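Asker: Structure, please.
(one chain, ligands or ions: 2)
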Amino acid sequence: MSQLLARFAARADDPRAAVLEEPLDAGARGGATHSYASVVRGAVAIAAALTSEGPLAPGERVALLVHPSAGFVSAFFGVLYAGGCVVVLSPLHPAPETAYFCADAGVRTVLVSAPMRELAAPLSSACAIRELEPMLATPAKGDARTLADAVAESAPALQLYTSGTTGKPKGAVLTHANIGVQQELVGRAWGFSESDVLLHALPLHHMHGLAIALLTALGAGAAAHLRSFDARAVWDDMARATVFMGVPAMYHRLFLAFDAATDDERARWSASAAKLRLATSGSAALPVTLAERWRGVTGLIPLERFGMTEIGVGITNALHGPRFAGSVGLPLPTVETKIVGEGPAHEDADTGELWIRGPSVFAGYHRKEAETASAFVADPRGGAPWFRTGDTVTRDLALEGAPFRILGRTSVDILKSGGYKLSALEIEEVLREHAAVAEVAVVGIADEAWGERVVACVVRRGDAACEPADLRAFARERLAPYKVPKDVIFLTELPKNALGKVVKPALVAELAAHLPSPTPSS
Ligand code: MCA
Ligand code: AMP
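Answerer: Ligands and ions are numbered 1, 2, ... in the order given. Below is the predicted model of the structure:
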């Protein structure tokens, strides 16, 4: 039986709030509140609608193109109660990316909420598009508890697309057990309870917003206030929340808004932030300056933790106890870690690649056996295989408990911008399709606002006419806006080694001469 589904089913009669929505009209105040009873009822209705003409194939991928709302929660659990596996699509992705996700996952049905209807139109040639709102009124077939009983812990629950070092994004498959364990571990570690109200402004197509934030809150019976990220509104909404979860780029934006606010607003916002029970930061390194600014307002730095799509949260600072800026704390219970040196014997080292194993580690990449095989390393002693995170870490032996410190990625081709993981190779592949591009190398440049700023270095083909804006526009039609290079720099050649491979560190050093100082928020 799926614990994830059983936990949700146990709230089928609960009248307390599960989801507080943002009004659809921008600027309007006070959206609707939906009880646990109504979102569970909605999920059971969606399951009935999805199986009205016969059961789904076991683990069938069903895509959601649904705005952050109670309907999203019902659709997510509805697909799972029907025995399917969720693929979350985002309105941020242009049609070619969305079509790739659906084709790669083998999606046959896309559930669409009314505000997303137009975005689903390009998918209609390959998938059945079903409108969510009428499905929510379908008469139930069985109750949530019985439906939960029929779904195995080992069944796939969620397929999340994540960028890798091999071009196109890969679908990481998480089982019910993976997510159920996460819900429990994170909920317990961070003290979640029915009294919490989570202020949630993260995107729902990634692990952070979907599982670490939303599902942790729902697993504990807390309410989730789902809203888009707008720094002033987020400060305002802290007054009605107990927990906030953000990425460092959000804290950066919050302080830009704070510095531009009136004295009254700052006083009001500071008081609300200081009353939060918990503020967390993750998905990228939180600069110490931002951590200290948060301490200046609230008395505590945000609780920083380390996570990945493939594992959820693996390492976290403690809720109560010392928090050290720049450290991510210690592994959650059940999470085993190993720091591995560079040698072929995979010996333990003080500084090296972080390997992880435990029940929250994902099942593999969908239909990508070679990538799955190279992501795991067998244990010569016969234990479970280790997942290679691709992050270089060390432990800070001078600090209490010797917390982990994340030093960076092992691959220069993986970038993090505003918390989104990006593949330099994927962006290069797209730009290379432009007729004026002879050669291209994409790199990340340290940036105050985004952590890393995506920069494309391009050698033009002959004397082809092409401006940075042309290449950005070309990329924007094919990639999510956060993957579009912020700068395009034309060079006469790219630095290469004897094998003809671009030497990206040399390129980064060379770029210092070309790039203007980044503006704080662009
Ligand atoms: C928006 N833009 C970006 C980004 N976000 N550019 C680079 N990197 C970004 N992250 C672009 C927009 O397309 C726009 O471009 C311009 O920047 C200004 O956009 P704006 O509307 O101001 O941005 P926003 O919509 O407010 O977004 C900022 C954001 C967002 C809220 C910080 O980036 C965000 O939600 N990040 C969270 C990502 C996340 O959830 N990652 C978790 C992965 P133009 O002007 O050209 O149109 S999971 C993970 O990492 C693991 C599991 C973990 O540990 O959590
Ligand atoms: P994603 O693949 O989008 O789930 O991103 C996972 C990656 O985000 C990790 O492998 C790390 O590189 C990075 N990450 C997550 N949390 C932190 C953190 N607290 N500090 C530094 N990097 C982090």
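
Asker: Residue 379: helix or strand, and which one exactly?
Answerer: Assigned by DSSP states H and E, residue 379 falls within no helix or strand.

Asker: so how far is residue 23 from it?
Answerer: Distance of residue 379 to residue 23, computed by CB to CB, to the nearest Å: 52 Å. Glycine gets a C-beta too; all of them are placed from N, C-alpha and C.

Asker: cool, and residue 338?
Answerer: 48 Å.

Asker: quick one, which of these two is more surrounded?
Answerer: Using other CB atoms under 10 Å, the more surrounded residue of residue 338 and residue 23 is residue 338, with 18 against 12.

Asker: Skip the chain neighbours and tell me the closest residue to that one.
Answerer: residue 355 (4.4 Å; CB to CB, 6 or more residues apart in numbering).

Asker: Could you list the paired strands of the helix or strand hosting that neighbour along with their orientation?
Answerer: Using DSSP H and E, residue 355 sits within strand 351-357. Take DSSP bridges as the rule and strand 351-357 pairs in its sheet with strand 336-340 (antiparallel), strand 386-395 (antiparallel).

Asker: how much distance is there from stretch 449-458 to the middle of the chain?
Answerer: The chain centroid and the centroid of stretch 449-458 are separated by 19 Å, computed with CA atoms, centre = their mean, to the nearest Å.

Asker: hmm, that stretch in reach of ligand 1?
Answerer: Yes - shown here: stretch 449-458 in contact with ligand 1 (CB under 6 Å from any ligand atom) through residue 450.

Asker: So is that stretch next to ligand 2?
Answerer: No - judged by CB under 6 Å from any ligand atom, stretch 449-458 makes no contact with ligand 2; its nearest approach is 8.7 Å.

Asker: burial of residue 347, as a residue count?
Answerer: Residue 347 has 12 neighbouring residues, counting by other CB under 10 Å.

Asker: excluding its backbone neighbours, what's nearest it?
Answerer: Taking CB to CB, 6+ apart, and ignoring the residues beside it in sequence, residue 347 has residue 341 as its nearest neighbour in space, at 5.2 Å.

Asker: Could you count how many residues lie near the one you found?
Answerer: Residues near residue 341, counting by other CB under 10 Å: 14.

Asker: Is residue 441 in contact with residue 457, as I believe?
Answerer: Yes - Residue 441 is within contact range of residue 457, at 4.9 Å (criterion: CB atoms under 8 Å).

Asker: anything in contact with each of these two?
Answerer: 494, 507 (CB atoms under 8 Å, 6 or more residues apart in numbering).

Asker: all helices for the stretch 351-500 of the chain, in order.
Answerer: 369-375, 424-432, 468-478 (DSSP state H, counting those that start in this stretch).

Asker: Tell me which of the ones you listed sits most buried.
Answerer: Of all these, helix 424-432 has the most neighbours on average by mean count of other CB atoms under 10 Å, namely a mean of 20.

Asker: So what touches that helix?
Answerer: Taking CB under 8 Å, 6+ apart as the rule, helix 424-432 contacts 163, 165-169, 412-415, 437, 440-444, 454, 456, 458, 471, 474-475, 478-479, 483, 485, 504.

Asker: Put the buried members of those into a PyMOL selection.
Answerer: Typed into PyMOL, the line below selects the buried ones among these, using 16 or more other CB atoms under 10 Å:
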select buried, resi 163+165+166+168+169+412+413+414+415+437+440+441+442+443+444+454+456+458+471+474+475+478+479+483+485+504
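
Asker: Okay, and which of the contacts of helix 424-432 map to strands?
Answerer: Of the contacts of helix 424-432, the ones assigned to strands by DSSP state E are 414-415, 437, 440-444, 454, 456, 458.

Asker: my read: residue 309 touches residue 206, true?
Answerer: Yes - counting by CB under 8 Å, residue 206 is a contact partner of residue 309 at 6.9 Å.

Asker: Quick check: neighbours shared by these two?
Answerer: residue 160.

Asker: returning to what we had before: kindly reformat the helices of the stretch 351-500 of the chain as JSON lines containing distance to residue 102.
Answerer: Shown next, in JSON lines, are the helices of the stretch 351-500 of the chain (distance: least, CB to CB, whole Å):
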{"stretch": "helix 369-375", "distance to residue 102": "19"}
{"stretch": "helix 424-432", "distance to residue 102": "17"}
{"stretch": "helix 468-478", "distance to residue 102": "16"}
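
Asker: center of this structure - which residue?
Answerer: Nearest to the mean C-alpha position of the chain, counting by CA atoms, centre = their mean, stands residue 206 at 2.8 Å.

Asker: ok, it - contacts?
Answerer: 160, 283, 309, 420.

Asker: Select from those the one having the most neighbours.
Answerer: Ranking the contacts of residue 206 using other CB under 10 Å puts residue 283 first, with 28 neighbours.

Asker: Find the nearest non-adjacent residue to that residue, please.
Answerer: Nearest one to residue 283, counting by CB to CB, 6+ apart, is residue 419 at 3.7 Å.

Asker: Residue of this structure closest to ligand 1, please.
Answerer: residue 418 (2.1 Å; CB to the nearest ligand atom).
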